[in-house]
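Asks: got a predicted structure plus its sequence, pasted below:
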Amino acid sequence: MNAIALIASQTWHDHPVDLLLSLLAQSLTGLLLGAGIQRLRELNQSLQKELARNHRLAERLLETEESVRRDVARELHDDIGQTITAIRTQAGIVQRLAADNGGVKQSGKLIEQLSLGVYDAVRRLLGRLRPRQLDDLTLAQAIRSLLREMELESRGIVSHLDWRIDETALSESQRVTLFRVCQEGLNNIVKHANASAVTLQGWQQDERLMLVIEDDGSGLPPGSHQQGFGLTGMRERVSALGGTLTISCTHGTRVSVSLPQRYV
């Protein structure tokens, strides 16, 4: 030990400047590393706050969009509904007044039938613009109503719904987004999947909202799960709320959504 101390003492006396420079360099390195780590921590916190702010803005934009959709759908429904009712009334009058004129009577009947067809088409389009279920029902009830309206059984598709998401845990944007993903996913299954069964599950897990739509069909056409078929719009909605949407087509098609329950 005495020998080691002696060598250290000799080294200190022989190279005092080098030792001081070494200690100074180590001290400066430590200070710079500490300052760098602190700066990174501050930047990370700032980034998290900015991301949260952006997501809150995106959520407000979604809410505004849905409000506009709701108002437009209501006005179109009222205006077009009144117009079609008037057309049907006039067509009925024509049929009665032209009871002895087969051609005119037939034309009046055709006008009435066409007006009903226009009304049904408009109602379907308005349902896409702003599903009326969202204004009158809970989310679980709205999804059940959607399944009934799509008449899956008449298309040979057996459906199963397992919904365990607490409605009170959802913001309006989350509620609308989950419904629209269900709507678009089921539409794709009906149009493209050639499926015989579909399962729709919703649950909460570790402060996240989980949604899975799965079918046993042929899957989406190659490459279409990246874009098209309404999937881009679904991804954008989910991403705006800080969530993720993934699609796999190994055995049928599986659409999986994960949303933060609350983005703070």
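Replies: Structure received. Residues are numbered from 1 along each chain as shown.
Asks: for residue 137, phi and psi?
Replies: phi -130, psi 160 (degrees, to the nearest 10).
Asks: thought it was touching residue 145?
Replies: Yes: in this structure, residue 137 is within contact of residue 145 by C-beta atoms under 8 Å, at 6.3 Å. From N, CA and C alone the C-beta is placed, and that goes for glycine too.
Asks: hmm, residue 251 is touching residue 217, no?
Replies: No: under the criterion of C-beta under 8 Å, residue 251 lies out of contact with residue 217, with a separation of 9.4 Å.
Asks: looking at those two, which is more packed in?
Replies: Remark: of residue 251 and residue 217, residue 217 carries more neighbours, 21 against 11, as counted by other C-beta atoms under 10 Å.
Asks: can you map out the helices along the stretch 1-150 of the chain?
Replies: Secondary structure of the stretch 1-150 of the chain (DSSP state H, counting those that start in this stretch): helices at 2-14, 16-97, 102-129, 133-136, 139-149.
Asks: wait, which of those is closest to residue 193?
Replies: Residue 193 lies closest to helix 139-149 among the helices of the stretch 1-150 of the chain, at 15.1 Å (C-beta to C-beta).
Asks: now do the buried residues in the closest one.
Replies: 139, 142, 143, 144, 145, 146, 147 (16 or more other C-beta atoms under 10 Å).
Asks: what angle do that helix and helix 102-129 make?
Replies: For helix 139-149 against helix 102-129, the angle by axes from the mean of the first three to the mean of the last three C-alpha atoms, to 10 degrees is 150 degrees.
Asks: and helix 139-149, what does it pack onto?
Replies: Identification of packing neighbours for helix 139-149 by 3 or more C-beta pairs under 8 Å, 6 or more residues apart in numbering; DSSP states H and E yields helix 133-136, strand 158-164, helix 172-188, strand 197-205.
Asks: out of the ones you listed, deepest packed?
Replies: With neighbours defined as mean count of other C-beta atoms under 10 Å, the helices and strands packed on helix 139-149 peak in mean count at helix 172-188, which reaches a mean of 22.
Asks: can you give the contact residues for that one?
Replies: Residues outside helix 172-188 that contact it (C-beta atoms under 8 Å, 6 or more residues apart in numbering): 59, 62-63, 66, 128, 131, 133-134, 139, 142-143, 146-147, 150, 152, 165, 167, 170, 198, 200, 202, 209, 211, 213, 220, 229-231, 233-234, 237-238, 241, 245, 253, 255, 257, 259.
Asks: distance from the chain centre to it, please.
Replies: Average the C-alpha atoms of helix 172-188, do the same for its chain, and the two points are 6 Å apart (C-alpha atoms, centre = their mean, to the nearest Å).
Asks: again with stretch 200-214
Replies: Using C-alpha atoms, centre = their mean, we find the averaged C-alpha position of stretch 200-214 to lie 12 Å away from the chain's own average C-alpha position.
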